[in-house]
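Trainee: Sharing a sequence plus its predicted fold:
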Amino acid sequence: MRRALTLLLATLCMGASAQPGGYTGPLFDAHLHYNEEAWNGQVGPHPLSDVLARMQRNGVKAIVANSRPNDGTKALAASPQTRAAGVTVVPFIRLYRNRADYNNWFRDDTIYDMVQAEYARGTAQGPFRGIGEFHLYDSANANGHVAKKLMAFAEEKNLAVLAHVDDVAIDLLMASTPSKGQKARIIWAHTGIGGAPAARVDELFTKYPLLMGELSYRPGLTCDSGKLCPEWRALMLKYPGRFMIGSDTWVNQRWQYYDELMQGYRVWLGDLPADVAKKIAWDNGASLFGVK
Ligand SMILES: [Zn+2]
């Protein structure tokens, strides 16, 4: 009788918080940068062996990689060390050759030409699968002629687009695609770093069936003890197939805290039903890019 009661209690607790010790399965890091200040191929604090060790010890089995310039991504994709570490690289074309490109890419035809050339070349391990991350600090620049051309190009080639933009720019970028957003594969970096309300995220997810939300730096995501805030938990239960996690290693400090970042994800993922946690942690990214 007492054993049955203990079992019942354990089952009830599992229902409330599916994985009390946190999520322990594989992770898909859907927003990773390997920029030249991390390692330029010669010197730097984070050579391939270092970043791969960080992924490996955190159970990160696949990454969306992009870098300024694109050499870091290509090095990650081509290295036998990457395969030895059990990491699959999904390479994206970064739009930035340097810092100045951040504020001008959407109207600079040489960026469009660079993307075409990189896409044609691909990586040693296969074709590029996406474009980005790019930033729009003023959403109106989503209507820049190069931004529009790139959105049409991405949809035509079935490339994903990692976009650090606000909710207004999501609508504008979607409008530039041939399908008017119905077939566009935008991964919304940070799901709105400015903190678009959960209701607005919900509205955009309804409107654009392939829109995905990446969750690094998302304001309002976690509340007490690193657990999900109620409105975000509800959104994930409503759209379990639409969210992904990411490290956003945009500066070297993010590499230094890679363990803590991934552990933080495991804490709140453990607060979700096991099947939803696995989707957000791994399945959504894996199925988007056909990673086994
Ligand atoms: Zn980023």
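Mentor: Sure thing, it's come through.

Trainee: Close to the ion: what parts of this protein are there?
Mentor: Residues of the chain lying near the ion by Cβ under 5 Å from the ion: 133, 248, 250. C-betas here are computed from N, CA, C, even on glycine.

Trainee: how about a cut-off of 8 Å?
Mentor: 31, 33, 66, 133, 162, 164, 189, 216, 246, 248-250 (Cβ under 8 Å from the ion).

Trainee: filter those to the buried ones?
Mentor: The neighbour count (16 or more other Cβ atoms under 10 Å) marks 31, 33, 66, 133, 162, 164, 189, 216, 246, 248-250 as buried among these.

Trainee: Include pLDDT when you put those into TSV, please.
Mentor: Shown next, in TSV, are these (pLDDT from 0 to 100):
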residue	pLDDT
His31	98
His33	97
Asn66	96
Glu133	96
Leu162	98
His164	98
Ala189	98
Ser216	98
Gly246	98
Asp248	98
Thr249	98
Trp250	96
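
Trainee: what's the closest of the residues you listed to Tyr257?
Mentor: Thr249 (9.3 Å; Cβ to Cβ).

Trainee: is it true that that closest one touches His33?
Mentor: Yes. Shown here, Thr249 and His33 form a contact pair, counting by Cβ atoms under 8 Å, at 5.0 Å.

Trainee: tell me, what's touching those two both at once?
Mentor: Residues touching both Thr249 and His33 (Cβ atoms under 8 Å, 6 or more residues apart in numbering): there are none.

Trainee: Tell me which residue of the stretch 1-150 of the chain lies closest to the ion.
Mentor: Glu133 (4.5 Å; Cβ to the ion).

Trainee: before we move on, what SS does that residue have?
Mentor: strand (DSSP: H, G, I helix; E, B strand; the rest coil).

Trainee: Now it. Nearest residue, chain neighbours left out?
Mentor: Spatial nearest neighbour of Glu133, excluding adjacent residues (Cβ to Cβ, 6 or more residues apart in numbering): Leu162 at 4.4 Å.

Trainee: pLDDT-wise, which helix or strand of this protein ranks last?
Mentor: Least confident helix or strand, the chain: helix 2-16 with a mean of 46, by mean pLDDT, DSSP states H and E.

Trainee: What lies in contact with whichever helix or strand comes after it?
Mentor: Proceeding N to C from helix 2-16, the next assigned helix or strand is strand 27-33, under DSSP states H and E. Residues outside strand 27-33 that contact it (Cβ under 8 Å, 6+ apart): 55, 58-68, 72, 133, 162, 187, 189, 212, 214, 216, 244-250, 262, 265-266, 281-282, 284-286, 291.

Trainee: For the stretch 1-150 of the chain, which segments count as strands?
Mentor: For the stretch 1-150 of the chain, the strands defined by DSSP state E, counting those that start in this stretch cover 27-33, 60-66, 88-93, 130-135.

Trainee: before we move on, back to that, hmm, the residue nearest to Glu133 is touching Thr191, no?
Mentor: No. In this structure Leu162 lies outside contact range of Thr191 using Cβ under 8 Å: 12.0 Å.

Trainee: what's the overlap in contacts for those two?
Mentor: Glu214.

Trainee: can you pull the contacts of Ala85?
Mentor: 52-53, 55-56.

Trainee: among these, which ones are buried?
Mentor: 52, 55.
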